[in-house]
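Student: Kindly return the folded structure for what I paste below:
(chains A and B)
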There are 2 protein chains.
Amino acid sequence: MAVDRLNSTFAALADPTRRAILARLASGEASVTELAEPFEMSLPAVSKHLKVLERAGLIARGREAQWRPCRLEAGPLRDADEWLEQYRRFWEESFDRLDDYLRELQWEERESGRNDPRRKGRHGTAND
Amino acid sequence: MAVDRLNSTFAALADPTRRAILARLASGEASVTELAEPFEMSLPAVSKHLKVLERAGLIARGREAQWRPCRLEAGPLRDADEWLEQYRRFWEESFDRLDDYLRELQWEERESGRNDPRRKGRHGTAND
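Tutor: This is a model prediction of the structure:
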């Protein structure tokens, strides 16, 4: 996968408006006007974001002169996902470690509950 | 997950040197000098990249005055991965479609192979 493409993909994703535009396009094609609606933004400002997305290959636009619908192109997102995949073991490992730690804590609590006479008292019978 | 954090994560990842630094740290802690080695870059230039990564929470640095090793922090990468996850169905769907198409092609080829006398001839016996 081209290094340049990863650069432009990540740069394009570093903006909340552009991410929101992609989220909207995930549910289907839309015109620039439709895309601009949820944002308090001028059409030229939205067009600028669309150009960044288009240059990064994250969207494509129809050729109809009047209505040039935008649609999502998932290829660059897949490449970004593949790049991130090599780091997945790090958070999976840390979740595993957290899991081990919590299990150990629970075990220790159970053990100390068994040996601690005060604890026994609290949960004991009326004879205590 | 905070919008700002996704912005700074993606912005930090939009640079090949910073991605290479993260890849190096994936195999263990390293000092700034060690990180600078593979790049034809001054230490200040590398330090600048490290600051971007540190501000984005992608690396953490030790507190030893002499040797402040950098280590990978996977949290922001996990958040970026989670964000990308919602788009995964797009490339999985297109792979599925490609798969269907290829299967259809194979089937058609097999069918036409069965009915096409020329094809039979080509793979036929010495009697042809």
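
Student: Please name every helix or strand in contact with the top helix by length along chain A.
Tutor: Longest helix in chain A, counting residues (DSSP state H): helix A:88-115. On a contact count with 3 or more Cβ pairs under 8 Å, 6 or more residues apart in numbering or on different chains; DSSP states H and E, helix A:88-115 meets helix B:75-85. In short, each C-beta sits where N, CA and C put it, glycine included.

Student: do the helix it packs on and chain A meet?
Tutor: Yes: interface with chain A: helix B:75-85 contributes B:75, B:77, B:78, B:80, B:81, B:83, B:84, B:85 (Cβ under 8 Å from any Cβ of the partner chain).

Student: If you rank these by neighbours, which is first?
Tutor: Ranked by neighbour count (other Cβ atoms under 10 Å in any protein chain shown), those have residue B:80 at the top, with 25 neighbours.

Student: Roughly how far does residue A:17 sit from residue B:72?
Tutor: 29 Å (Cβ to Cβ, to the nearest Å).

Student: Which one's more surrounded, the two?
Tutor: Applying other Cβ under 10 Å to residue A:17 and residue B:72 shows that residue B:72 carries more neighbours, namely 21 against 16.

Student: Any idea how many residues pack against the closest residue to the more buried one other than its chain neighbours?
Tutor: Excluding its sequence neighbours, the residue lying closest to residue B:72 (Cβ to Cβ, 6 or more residues apart in numbering or on different chains) is residue B:25, at 4.1 Å. Residue B:25: 22 surrounding residues under other Cβ under 10 Å.

Student: and if you look at the one 10 residues further on?
Tutor: By other Cβ under 10 Å, 23 other residues sit near residue B:35.

Student: from what I can see it touches residue B:70, true?
Tutor: Yes: contact criterion Cβ atoms under 8 Å: residue B:35 and residue B:70 qualify, at 6.5 Å.

Student: Please enumerate the shared neighbours of those two.
Tutor: Residues touching both residue B:35 and residue B:70 by Cβ atoms under 8 Å, 6 or more residues apart in numbering or on different chains: B:21, B:25, B:50.

Student: Which phi and psi values does residue A:69 adopt?
Tutor: Per-residue torsions, residue A:69: phi -60, psi 150 (degrees, to the nearest 10).

Student: got the residues of chain A near chain B?
Tutor: Proximity of chain A to chain B (Cβ under 8 Å from any Cβ) is limited to residues A:3, A:6-11, A:13-16, A:19, A:22-23, A:26, A:72, A:74-75, A:77-78, A:80-81, A:83-88, A:90-91, A:94.

Student: pLDDT weak spots in chain A?
Tutor: A:1-2, A:65, A:94-96, A:98, A:114-128 (pLDDT under 70).

Student: list the contacts for the residue lying closest to residue A:61 once chain neighbours are set aside?
Tutor: Closest residue to residue A:61 apart from its sequence neighbours, by Cβ to Cβ, 6+ apart: residue A:68 at 4.8 Å. By Cβ under 8 Å, 6+ apart, residue A:68 lies in contact with A:31, A:32, A:61, A:62.

Student: Narrow the residues you listed to those that are buried.
Tutor: Among the contacts of residue A:68, those scoring as buried are A:31, A:32, A:61 (criterion: 16 or more other Cβ atoms under 10 Å in any protein chain shown).
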